[in-house]
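*Asks:* 3D, please:
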Amino acid sequence: MRYEQTKFGLVTCDADGAVSIAATAAELFDWSHRPMAAWPCSILATYDNGIRVDFDSNGDLVDITGESEYAEDLASDELNAWSTDVLEISGLFDNPAVRNHAR
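*Replies:* Have a look, this model is predicted:
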């Protein structure tokens, strides 16, 4: 099991390549309000108790845990951008859960 704390979430990676990312409300707010890379109208920033996402070893989303009044409005592009940023910061560039997005 590998653990890596980043400024935007805690990554847990098992031996098979499945990953989980857990972030606090403060980490989500910080991610969505970065200078020169802000996410206007972020839904992730509304998760007052944070969020946890789990991906299987193929990179497929398995579960999202967290509550927000706007949870049903969470778009896949925002979720992919955040999770990819966190995984890349943690050094997991080749993990299947990393999604290509514009840089």
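
*Asks:* hey, let's count contacts and neighbours off CA atoms from now on
*Replies:* Will do.

*Asks:* which strands and helices lie in contact with the lengthiest helix in the chain?
*Replies:* Using DSSP state H to define each element, the chain has its longest helix at helix 76-89. If you count contacts as 3 or more Cα pairs under 8 Å, 6 or more residues apart in numbering; DSSP states H and E, helix 76-89 packs onto strand 9-13.

*Asks:* and after the strand it packs on, which helix or strand comes next?
*Replies:* strand 19-23 (DSSP states H and E).

*Asks:* okay, residue 86 and residue 72: tell me how far apart.
*Replies:* As defined by Cα to Cα, to the nearest Å, residue 86 lies at a distance of 22 Å from residue 72.

*Asks:* who has more neighbours, the two?
*Replies:* Remark: of residue 86 and residue 72, residue 86 carries more neighbours, 26 against 9, as counted by other Cα atoms under 10 Å.

*Asks:* which regions of this structure lie under the pLDDT threshold?
*Replies:* 100-103 (pLDDT under 70).

*Asks:* residues contacting the residue sitting nearest the centre point of it?
*Replies:* Central residue of the chain (Cα atoms, centre = their mean): residue 83, 2.9 Å from the mean position. Contact analysis of residue 83 by Cα atoms under 8 Å, 6 or more residues apart in numbering lists 21, 97-98.
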